[in-house]
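Engineer: What follows is a predicted structure for the sequence shown.
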Amino acid sequence: MALSADAFAWVSDLVRRRSGIQLPGGKEYLVESRLLPLAREAGFTEVTGFVARARSSNDEILVRRVVEALTTNETSWFRDNSPFVALKQKIVPDLLANRQRPAHLKIWSAACSTGQEPYSLAMTLTEALPPSVTFEILATDLSQEVLDRAKSGRYSQLEVNRGLPAPLMVRHFTRVGAEWEINPDLRSKVNFRQHNLLSSPPVIGKVDVILLRNVLIYFDMPTKQAILNHMSRVIADDGILMLGAAETTLGVDTRWDRVQIGPGSAYRKMSAAPSAAPPSVPSPGTGGAGVAGGRVPTQAGPKAGWVAKPAAAPRGALS
Ligand SMILES: C[S@@+](CC[C@H](N)C(=O)[O-])C[C@H]1O[C@@H](n2cnc3c(N)ncnc32)[C@H](O)[C@@H]1O
């Protein structure tokens with residue numbers, strides 16, 4: 001049985017409210033194919049009945065899994081390459097030119113998927129920075145499932161083949177059975193956390209570089225504007241925002257200057273640009289880790305004092 005219009009409407013509304021991801025008419029097949037494994041796991045042979053169960057069950061974990069199943073987690077090592085070259089050759093040297101030594105750089109990979117992006121960052125910075133400069137990376141995503149994979153630091157041969165240069169694999173990974181595992185030293189540079197981009201940023205103080213790549217494309221205009229506004233509040237005055245190759249602040253938020261670096265582009269907050277009141281966007285039903293959690297340093301990571309304490313997830317609100 002094909003997915004009913006009513007079931008599709010409920011899933012589409014749920015996913016938009018919880019994550020900001022838009023699922024307009026025409027995405028029925030996507031919804032059906034992403035939810036079929038969950039439906040089968042729950043004993044259903046088709047998705048409409050499973051959606052009815054999720055809708056009436058009051059089972060927050062099940063509802064979250066429905067939302068997570070509709071995220072797209074496509075990623076690879078050193079994706080697009082030029083952002084990582086730009087970081088090494090231009091962005092980091094420029095930032096350090098203004099900083100006293102010893103210096104400490106704070107980087108946020110704000111939709112990190114299964115971890116290839118923050119670990120690629122960690123490899124880039126480990127290779128590029130002098131000993132007088134340390135760094136740490138906060139890596140966040142909405143999906144707990146991808147974060148669990150990222151935290152494990154284990155990748156299949158197929159995943160490693162997608163963009164990881166052999167010399168870096170040899171230097172930073174150890175073979176464990178059929179998989180490759182990130183070495184503990186590099187692993188310790190990345191602090192993984194669940195965070196919904198619709199919520200206030202999970203950081204205290206200013207971030208030097210924010211990677212917000214290949215995620216704005218899933219949102220409508222007010223949601224993009226609200227997220228860019230969140231970023232403008234936490235980025236350092238000389239900090240750099242990096243978006244995906246198909247993404248831009250142009251026509252979305254006028255308070256960013258485009259900085260052309262090699263073939264790619266990056267954005268810097270215009271000097272003294274004020275934070276705008278965020279446009280009205282769906283606030284996430286649950287799972288957001290925002291200011292409500294309190295600006296308390298966490299124990300995660302060696303110097304993770306700039307990461308706010310996670311908020312306790314609100315309960316209920318399943319409709
Ligand atoms: C296509 S991946 C991009 C991964 C990586 N940044 C890259 O460019 O390779 C998009 C990621 O955004 C996450 N995402 C979607 N909506 C989100 C939200 N509201 N808050 C946080 N992460 C979200 C998804 O779970 C997914 O892992």
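Structural biologist: Looks like it arrived, so ask away.

Engineer: buried residues in the host helix or strand of R233?
Structural biologist: Assigned by DSSP states H and E, R233 belongs to helix 221-234. Neighbour-count burial for helix 221-234 flags T223, K224, Q225, A226, I227, L228, N229, H230, M231, S232, V234 (criterion: 16 or more other C-beta atoms under 10 Å). Yep, even glycine has a C-beta here, placed from its N, CA and C like the rest.

Engineer: Look at the nearest residue to P165 once chain neighbours are set aside and tell me its secondary structure.
Structural biologist: Among residues not flanking P165 along the chain, F78 sits closest, at 7.6 Å (C-beta to C-beta, 6 or more residues apart in numbering). Following DSSP: H, G, I helix; E, B strand; the rest coil, F78 is assigned to coil.

Engineer: So what's the residue count around F78?
Structural biologist: 21 (other C-beta atoms under 10 Å).

Engineer: From what I see, it and F84 are in contact.
Structural biologist: Yes - using C-beta atoms under 8 Å, F78 makes contact with F84 at a distance of 5.1 Å.

Engineer: Let me see the ranges of the strands in this structure.
Structural biologist: All strands of the chain, identified by DSSP state E, fall at 103-109, 133-141, 154-156, 173-176, 179-182, 190-194, 207-212, 235-243, 256-261, 264-269.

Engineer: How many residues are close by V170?
Structural biologist: 9.

Engineer: Can you tell me, leaving aside adjacent residues, what's nearest to H230?
Structural biologist: P201 (5.2 Å).

Engineer: Counting neighbours, what do you get for that neighbour?
Structural biologist: Once other C-beta under 10 Å is used to define contacts, P201 is seen to have 24 neighbours.

Engineer: now do R101
Structural biologist: Neighbour number of R101 under other C-beta under 10 Å is 9.

Engineer: Now it. Nearest residue, chain neighbours left out?
Structural biologist: Nearest to R101 is S132, by C-beta to C-beta, 6+ apart, at 4.4 Å.

Engineer: pretty sure that neighbour is touching P102, no?
Structural biologist: Yes - with contacts counted by C-beta under 8 Å, S132 reaches P102, the gap being 4.9 Å.

Engineer: Backbone dihedrals for the residue nearest to P165, please?
Structural biologist: Main-chain dihedrals, F78, degrees, to the nearest 10: phi 50, psi 40.

Engineer: ok, now how distant is it from L228?
Structural biologist: 25 Å (C-beta to C-beta, to the nearest Å).

Engineer: Can you name the residues of this structure that neighbour the ligand?
Structural biologist: Residues of the chain lying close to the ligand by C-beta under 6 Å from any ligand atom are 19-21, 71-75, 79, 111, 113, 117, 141-143, 146, 196-198, 213-215, 218, 244.

Engineer: Tell me how many other residues surround the nearest residue to G115 once chain neighbours are set aside.
Structural biologist: Leaving aside its chain neighbours, G115 sits nearest to A150 (3.0 Å; criterion: C-beta to C-beta, 6+ apart). Neighbour count of A150, defined by other C-beta under 10 Å: 27.

Engineer: for the stretch 1-150 of the chain, what are the low-confidence residue spans?
Structural biologist: 1 (pLDDT under 70).

Engineer: May I see the buried residues of stretch 30-40?
Structural biologist: In stretch 30-40, counting by 16+ other C-beta under 10 Å, buried: V31, E32, R34, L35, L36, L38, A39.

Engineer: let me fix that: stretch 94-104
Structural biologist: Buried residues in stretch 94-104 (16+ other C-beta under 10 Å): L95, L96, A103.

Engineer: wouldn't the second one be in contact with V133 here?
Structural biologist: Yes - assessed by C-beta under 8 Å, L96 is found in contact with V133 at 6.3 Å.

Engineer: Can you pull the residues that touch both of these two?
Structural biologist: Residues touching both L96 and V133 (C-beta atoms under 8 Å, 6 or more residues apart in numbering): A103.

Engineer: what's across from V176 in the sheet?
Structural biologist: E179 (DSSP bridges).

Engineer: picking that back up, in terms of secondary structure, what does the helix holding R233 contact?
Structural biologist: strand 207-212 (3 or more C-beta pairs under 8 Å, 6 or more residues apart in numbering; DSSP states H and E).

Engineer: mind checking how far the strand it packs on is from the chain centre?
Structural biologist: Using C-alpha atoms, centre = their mean, to the nearest Å, the mean C-alpha position of strand 207-212 is found 11 Å from that of the whole chain.
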